[in-house]
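Participant: could you work out the structure for the sequence below:
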Amino acid sequence: MHNHKTHHITEAKEEANIQIMLSRSYSLFFIFFVFGLIIDVLTRFRINTPGIENVGLILIIISSLLVYWAQSVNKRPKFLADGTRNFAYGPYAFSRHPTYLGIFILTLGAAFLMSSVSILVTSILAYAVSSFTVMEKEEKRHIKKYGEQYLRYKKQVRRVL
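Facilitator: Sure, this is the predicted structure:
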């Protein structure tokens, strides 16, 4: 009984650590977005492409659906016939990090909707920083937890698309 309780405490701590890591990553995108917004207000550099606002709106809708899909699938993991976890399920069959991809597309959509060069640049920077810090750390955690199974998935599915 004690072992079962310890296992649940360990799982709860791991889940809390994952939630903290995700909130930091989302905060990173938010901070970069606000920074881009401030630069935009000060500089007013514009994307001068007719209809870019419509593209932005479409990207915001698509990205919101992608984030929702990824979060929904992530709450209900699927397993293969041999009992191992199926990582390549839902949007995770196309991208190892569909939520981050969705947030990136969302910020790009906002940049296009606002015709803002500075938000476009800070969105790209936020994704790059997130990719080399948070996503990398998350993948190392999965390798440690799932081992060869996650390494196989990593070889099959690209980080982004």
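Participant: going forward, measure contacts between C-alpha atoms and count neighbours the same way
Facilitator: OK.
Participant: in which helix or strand does S63 reside?
Facilitator: Assignment of secondary structure by DSSP states H and E places S63 within helix 52-75.
Participant: what are the buried residues along stretch 120-135?
Facilitator: Residues of stretch 120-135 classed as buried by neighbour count (16 or more other CA atoms under 10 Å): 120, 122-127, 130-131, 134-135.
Participant: same deal with stretch 56-73?
Facilitator: When burial is assessed from 16+ other CA under 10 Å, stretch 56-73 yields the following buried residues: 56-60, 62-64, 66-67, 69-70.
Participant: where along the chain do the strands fall?
Facilitator: Using DSSP state E, the strands found in the chain span residues 78-79, 85-86.
Participant: tell me which of those strands is the most buried.
Facilitator: Of all the strands of the chain, strand 85-86 has the most neighbours on average by mean count of other CA atoms under 10 Å, namely a mean of 16.
Participant: for the residue sitting nearest the centre point of the chain, which residues are in contact?
Facilitator: What sits nearest the mean C-alpha location of the chain, by CA atoms, centre = their mean, is Y100, with 1.4 Å. By CA atoms under 8 Å, 6 or more residues apart in numbering, the residues touching Y100 are 67, 127.
Participant: make it 10 Å
Facilitator: When contacts are counted by CA atoms under 10 Å, 6 or more residues apart in numbering, Y100 touches 22, 25-26, 29, 63, 66-67, 70, 106, 127, 130-131, 134-135, 159-160.
Participant: which one of the buried residues of stretch 56-73 is nearest to N86?
Facilitator: Checking those against N86 by CA to CA gives A70 as the nearest, at 14.0 Å.
Participant: so that closest one sits against P91, correct?
Facilitator: Yes. In this structure, A70 is within contact of P91 by CA atoms under 10 Å, at 6.0 Å.
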